[in-house]
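Chemist: From the sequence below, what's the structure:
(chains A, B and C)
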Amino acid sequence: MNLARAPHAPAAQPLPVQAGLAAAVRQLRGVKILFPFVVLIAIWWTIQATGNFADRVLVSPERVFDTMVLLISHGVLAEYISTSLTMIGIATVVSILFGVPIGFAVGANRYAARSLEGFLRFLQGVSGIAWLPLIIIWFGFTHTTTLAVVIYTLIVPIIFNTMVGARAIPEHYALALRSLGAGRLRLITDVYLPGALPSIVVGLRLGMGYGWRALIAAEMLVRQGGLGDLIFGARTSGQIDRIIGGMIVIGTLYVLIDRLLVQPIENLTVARWGVLRK
Amino acid sequence: MSVQAPTANNTTHSARRALDRLTWMLVPAAPFLIVLLIWVMATGILHPSKETLPPVTDVIASIHELAVSGQLATNVMASLYRLLLGSVLGIVTGVIGGFIVGLNRKMAETLNPVVVFFNALSGIVWLPLMITWLGIGTALAVFLIWNTVFFIVFQNAALGVQLVPEVYEQGVRALGGGRWQTLRSVTLPGALPYILTGIRTGLGFGWRALIAAELVGAASGLGTMIFDAAEYHRSDIIVAGCLIIGTIAVAMDRWLLLPIERRTVQRWGLVADAEKER
Amino acid sequence: MTQTRAAMPLVRRRLWATPDGRRFITGAVLLVVILFGQSVYGMATASGRLDPSLRNATGPSNVIVVLDFMPDRFHNERVAEYGTFAGRDGALNRLRLRYVSPDNLRALSNVAWIARIEPFK
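Modeler: Numbering: from 1, shown residues only, chains lettered A, B, ... in the order given. Down below sits the predicted model:
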């Protein structure tokens, strides 16, 4: 859809026929996205219908759908979704509030950046989940524990990418502004923050991916609500319909957040300030 | 004008350079030392219970004990074995899948939504379902690792295949090369840098997913070791386990995977450099 | 028109003018609906839920919370937060609740999955 590359395309108002076709193509795109899923569900349905599976091993797609509708109407799903989304939301905000300043502070100095890099890699190697038993000893089976693990997972890529972004800004931008008399605050808001922003947002996106998975894992162990609790709890009672339904919700929610919220922010940020990248 | 002055300057200059280099090499240890310091001070000043914050000496002692009793070796081997199994499966399927999708644009477009969705689901979210289907044990861990590694290698391989400049493939075909020949001599080396990056990233993630999988229940392995220690409130073993996990992660990445990636990229570096111009 | 818009990437455009902006707005709206949709629905239907005799309660009341389905432990726990749980009223989906303050009564009436709130004689 790069109209910019069509120098001889007509710049006139689209005719009704063209407008209608454009709308049809847009609808087709939605169908194209859904098509592979339809095939997948068909395969699932066939396997379940032909195989002789016990109810606690595999159920039909309709059963999963019915269960999900049930969970929604009973208010259960709404609350679990709300818990998970709130957790990831708080973790994201906290990670940004602390991670970006730390990243800037450390990124300013070559040696500091290098030293923290190794440390952060080590922390990333020890996934937040490995610390979970210790954190449970500290904070018990509470939301604080879950939050601690998710923040730990989220903040590392943010600090890392803020550092990288800050260090990639060519010096002459800051020098130029300083020579015009800009103070420290001005430098931050006009040079460092916009310059590092594309990298920060990439780090945010990565972090949220890791963080969402860490959240589900933590919820499975802490069992204080949330989607991880839902699917893990359903396992003990053999409710495969809930497990599969919950997994679909988890995947869909993440795709929604990533494609409809985070990625647009990333694209808009790069479009606005991406020039500095080069 | 002295002949001596330049020599004196040279010595101090090279001495300072050597000192800089030494600092540069040692600086990554700084955060670890700082954390160690804080740890020792916290233990000394706050006197927390052994459960909340085990003293450094306890952790070192438990590492020693585990090493001596052979438990460490057993658990590390068990974990690494699962990682290897799952990763090999993941790499093979990922490369094959990546090639199929990379060479066939139609299929890539059709499958993309499904890949994005299941990528969001990868890893520990499959745990409840897979425990029901596979039970607790090696099969479960191997599946989770396969899942994690596959998606990463798959996406990187597909990208690598797609980015091989068509000119090269057409060139080989024009000289009479068959399909397999093109694949072997152009596409594979061309995609290799991306595949290797995918392998390196995938293994890192696979290791983290493994620990998470083991935490929930397995017969042996580092994750199980931590989990069992948690039941007996042996925080010193928990911390020891986490440190070992992190060390293995960093060591594996730095001394095994990075050199492999570097050396192979050097060999086919020409193709990789040419691609980067795209 | 679209061509000129795409050709000026660095000028600030309205959020809804860019495809990414539209996606973001869609995402934000979806998020709000997912997070608050059911609560809003519950609040909208609150008047139909509460028995008329309980509408102007000034002090603590004793009520029966009636559900349209067999409750899970989840529902029992949530309902019990609003008063003192006093057992069932005949059927498993009729929960007795004592000493429900007027504020809690109002909160209960906003819960979407509660069918009715009847007075407890």
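Chemist: switch to C-alpha atoms for all contacts and neighbour counts from now on
Modeler: Noted.
Chemist: Would you map the helices across the stretch 1-150 of chain B?
Modeler: B:4-26, B:29-46, B:56-69, B:71-103, B:105-121, B:127-134, B:138-163 (DSSP state H, counting those that start in this stretch).
Chemist: nope, chain A is what I meant
Modeler: A:16-50, A:61-73, A:76-107, A:110-125, A:128-139, A:143-167, A:171-179, A:184-187, A:193-222, A:227-236, A:240-257, A:263-273 (DSSP state H).
Chemist: quick one: which of those is nearest chain B?
Modeler: When those are compared by CA to the nearest CA, helix A:110-125 sits nearest chain B, at 3.6 Å.
Chemist: Against which helices or strands is that closest one packed?
Modeler: helix A:76-107, helix A:143-167, helix B:29-46, helix B:235-251 (3 or more CA pairs under 8 Å, 6 or more residues apart in numbering or on different chains; DSSP states H and E).
Chemist: Out of those helices, which is closest to chain C?
Modeler: helix A:76-107 (5.7 Å).
Chemist: Is chain B within reach of that closest one?
Modeler: No. Shown here: helix A:76-107 not in contact with chain B (CA under 8 Å from any CA of the partner chain), separated by at least 11.7 Å.
Chemist: Buried residues in that helix, which are they?
Modeler: A:76-85, A:87-88, A:91-92, A:95-96, A:99-100, A:102-107 (16 or more other CA atoms under 10 Å in any protein chain shown).
Chemist: follow-up on the earlier one: most tightly packed of the helices of the stretch 1-150 of chain B?
Modeler: Mean neighbours per residue, mean count of other CA atoms under 10 Å in any protein chain shown, is largest over the helices of the stretch 1-150 of chain B for helix B:138-163, with a mean of 26.
Chemist: The helices of chain A into CSV, with extra columns for mean pLDDT?
Modeler: Conversion of the helices of chain A to CSV gives the following (pLDDT from 0 to 100):
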stretch, mean pLDDT
helix A:16-50, 78
helix A:61-73, 92
helix A:76-107, 93
helix A:110-125, 87
helix A:128-139, 89
helix A:143-167, 93
helix A:171-179, 79
helix A:184-187, 74
helix A:193-222, 90
helix A:227-236, 91
helix A:240-257, 93
helix A:263-273, 83
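Chemist: For residue B:184, give its distance to residue B:161.
Modeler: Distance of residue B:184 to residue B:161, given as CA to CA, to the nearest Å: 12 Å.
Chemist: actually residue B:169, sorry about that
Modeler: Distance of residue B:169 to residue B:161, computed by CA to CA: 11 Å.
Chemist: Need the overlap of contacts for those two.
Modeler: residue B:187 (CA atoms under 8 Å, 6 or more residues apart in numbering or on different chains).
Chemist: Which among the helices of chain A is found nearest to residue B:119?
Modeler: Nearest to residue B:119 among these is helix A:240-257 (8.3 Å), distances taken as CA to CA.
Chemist: Show me what that closest one is packed against.
Modeler: With contacts defined as 3+ CA pairs under 8 Å, 6+ apart, the packing partners of helix A:240-257 are helix A:61-73, helix A:227-236, helix B:105-121, helix B:127-134.
Chemist: In a markdown table: these, plus distance to residue A:187.
Modeler: Rendered in a markdown table, the data for the helices and strands packed on helix A:240-257 read as follows (distance: least, CA to CA, whole Å):
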| stretch | distance to residue A:187 |
| --- | --- |
| helix A:61-73 | 50 |
| helix A:227-236 | 43 |
| helix B:105-121 | 38 |
| helix B:127-134 | 48 |
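Chemist: That concludes my questions; thank you for your assistance.
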